[in-house]
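Asker: After the sequence you'll find the predicted model.
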Amino acid sequence: MSEQNTRTARPVATLRDGALCASIWRNESSENVTFFTCDISRTYTDANGNYGNSNSLSAEQLLRASHLSLKAYDRTRGLQQAERDNARQSERQQQTNPQEQTPQAEAA
């Protein structure tokens, strides 16, 4: 899978503090390395009542965004650890069950 830069998928986690939102995205590099990124945005309503998002923050929102960033960092670290644990578990299963091969390998 190539690196996901499109936002067609949903974030793996969303953290909120009032109008502020931290969206955590799972990505995979061309070398099949999983990594996570985070977007911080602010939701607002315009004069017509339409919702929108902005990356522009006031001084007060900056402090709240910093706290939200710390929470997003902790969540991202947990997600990375879970990815590593899953990879290790899959590797162990393959080592304990070497006879289980993909159907393509069996057909060859």
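Answerer: Looks like it came in fine.

Asker: average pLDDT for the helix or strand where residue 75 lies?
Answerer: Assigned by DSSP states H and E, residue 75 belongs to helix 59-96. Averaged across helix 59-96, pLDDT comes to 93.

Asker: tell me which strands and helices that helix is in contact with?
Answerer: strand 13-17, strand 20-28, strand 34-45 (3 or more CB pairs under 8 Å, 6 or more residues apart in numbering; DSSP states H and E). Yep, even glycine has a C-beta here, placed from its N, CA and C like the rest.

Asker: Of the ones you listed, which is nearest residue 67?
Answerer: Of all these, it is strand 13-17 that lies closest to residue 67, at 7.0 Å by CB to CB.

Asker: so the closest one versus helix 59-96, what angle?
Answerer: 160 degrees (axes from the mean of the first three to the mean of the last three CA atoms, to 10 degrees).

Asker: From residue 15, how far out is residue 68?
Answerer: 6 Å (CB to CB, to the nearest Å).

Asker: Now the common contact residues for those two.
Answerer: Residues touching both residue 68 and residue 15 by CB atoms under 8 Å, 6 or more residues apart in numbering: residue 22.

Asker: Distance-wise, check the residue nearest the centre of the chain relative to residue 57.
Answerer: Against the mean C-alpha coordinate of the chain, by CA atoms, centre = their mean, the closest residue is residue 25 at 2.5 Å. According to CB to CB, residue 25 and residue 57 sit 20 Å apart.
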